[in-house]
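*Asks:* can't give you the sequence, but here's the structure:
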């Protein structure tokens with residue numbers, strides 16, 4: 001799995017719009033796994049919706065002990 005892609009904390013309601021994630025996806029090959037870490041509670045609905053719309057696959061989602069949200073995405 002590639003290095004975690006931290007979202008921009010509380011800057012945008014959709015952490016998937018983060019330029020860091022866009023760059024990570026651009027640099028990734030098809031089938032690569034990316035880990036997204038987010039602090040915005042809105043990511044719980046944004047990330048699954050984005051994955052569906054973008055054609056990428058959300059493999060895991062959950063909340064860490066520190067309150068952050070973790071997502072594992074497979075690039076389509």
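*Replies:* Thanks, I have it. Note that the coordinates shown come from a computational prediction; the quantities given were computed from them, not determined experimentally.
*Asks:* can you give me the helices for the protein?
*Replies:* Under the criterion DSSP state H, helices of the chain are mapped to 19-27, 43-54.
*Asks:* average pLDDT for the shortest one?
*Replies:* This points to helix 19-27. The average of the pLDDT scores along helix 19-27 is 80.
*Asks:* which other helices and strands contact that helix?
*Replies:* strand 4-6, strand 33-38 (3 or more C-beta pairs under 8 Å, 6 or more residues apart in numbering; DSSP states H and E). Using the backbone N, CA and C atoms, a C-beta is placed for each residue, glycine as well.
*Asks:* mean pLDDT lowest for which of the ones you listed?
*Replies:* Among these, strand 4-6 carries the lowest mean pLDDT (a mean of 58).
*Asks:* what's across from the residue nearest the centre of the chain in the sheet?
*Replies:* By C-alpha atoms, centre = their mean, the mean C-alpha position of the chain lies nearest to residue 36, the distance being 3.6 Å. Judged by DSSP bridges, the bridge partners of residue 36 are residue 5, residue 71.
*Asks:* wait, isn't it in contact with residue 70?
*Replies:* Yes: if you go by C-beta atoms under 8 Å, residue 36 and residue 70 touch, sitting 7.3 Å apart.
*Asks:* What distance do you get for the closest residue in space to residue 60 that isn't next to it in sequence to residue 31?
*Replies:* Excluding the flanking residues, the one nearest residue 60 by C-beta to C-beta, 6 or more residues apart in numbering is residue 72, at 4.0 Å. Going from residue 72 to residue 31 by C-beta to C-beta, to the nearest Å gives 13 Å.
*Asks:* who has more neighbours, the two?
*Replies:* residue 72 (16 against 9; other C-beta atoms under 10 Å).
*Asks:* Test my guess that that one contacts residue 33.
*Replies:* Yes: between residue 72 and residue 33 there is a contact under C-beta under 8 Å: 5.8 Å.
*Asks:* Contact partners for the residue nearest to residue 60?
*Replies:* Residue 72 is in contact with 1, 33, 34, 35, 36, 58, 59, 60, 61, counting by C-beta atoms under 8 Å, 6 or more residues apart in numbering.
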